[in-house]
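[1] Predicted coordinates and the sequence they were generated for:
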Amino acid sequence: EEKTLAIIKPDGVSSHYTNKIKAVILESGFAIVREKILQLDEGNATYFYSEHSGKSFFPRLITYMTSGPVCLMVLEKVNAVSDWRTLIGPTDARKAKVSHPTSIRAMCGVDLERNCVHGSDSRESAAREIAFFFGDINTG
Ligand code: ATP
């Protein structure tokens with residue numbers, strides 16, 4: 001079994017996609033082992049996306065990610081990291097609607113920025129991101 005971090009971004013939450021996305025998650029064989037709603041602030045959004053801090057879209061990304069509450073979930077299954085990335089589809093939701101029409105981003109994303117969900121990109125990122133938002137969930 002492997003864990004990954006899923007985030008339903010502010011546009012997904014405000015457009016009421018949370019229950020639909022959770023249904024797809026469960027139908028796809030993931031267990032939702034932790035879940036919480038959180039309003040990100042500039043500090044934790046900047047830390048979370050620090051790999052993008054030099055990029056031109058970074059200020060907009062932070063504004064977007066702090067524009068309303070997000071739904072954070074720890075998902076667990078065999079091959080969770082890669083299977084969740086496959087299920088959400090390409091970063092650009094507009095392209096996802098053409099190339100991966102059954103993906104979650106095709107279903108509820110809008111464009112390259114407002115793509116409604118996040119998925120950790122590696123086991124290492126998943127461990128770091130889960131610890132950041134939930135602490136060490138394997139002890140205590
Ligand atoms: P995430 O990390 O959110 O799962 P990703 O790994 O598919 O997405 P990244 O390249 O890590 O994509 O980009 C992080 C987020 O920044 C994207 O999900 C999107 O919201 C935003 N983003 C990426 N590229 C652009 C861009 N060129 N213009 C605007 N926003 C962008």
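    Now that the structure is in, tell me what you want to look at.
[2] Enumerate every residue touching the residue sitting nearest the centre point of the chain.
    Centroid-nearest residue in the chain: His118, 2.1 Å away (criterion: Cα atoms, centre = their mean). The contact partners of His118, by Cβ atoms under 8 Å, 6 or more residues apart in numbering, come to Leu5, Ala6, Ile7, Lys9, Ile88. Glycine gets a C-beta too; all of them are placed from N, C-alpha and C.
[3] cool, and Leu61?
    For Leu61, the contacting residues are Ala45, Tyr49, His52, Glu113, by Cβ under 8 Å, 6+ apart.
[4] does the residue lying closest to the second one once chain neighbours are set aside belong to a helix or a strand, and which?
    Translated: Tyr49. Counting by Cβ to Cβ, 6 or more residues apart in numbering, Leu61 is the residue found nearest to Tyr49 once chain neighbours are left out, at 5.9 Å. Taking DSSP states H and E as the definition, one finds Leu61 inside helix 58-65.
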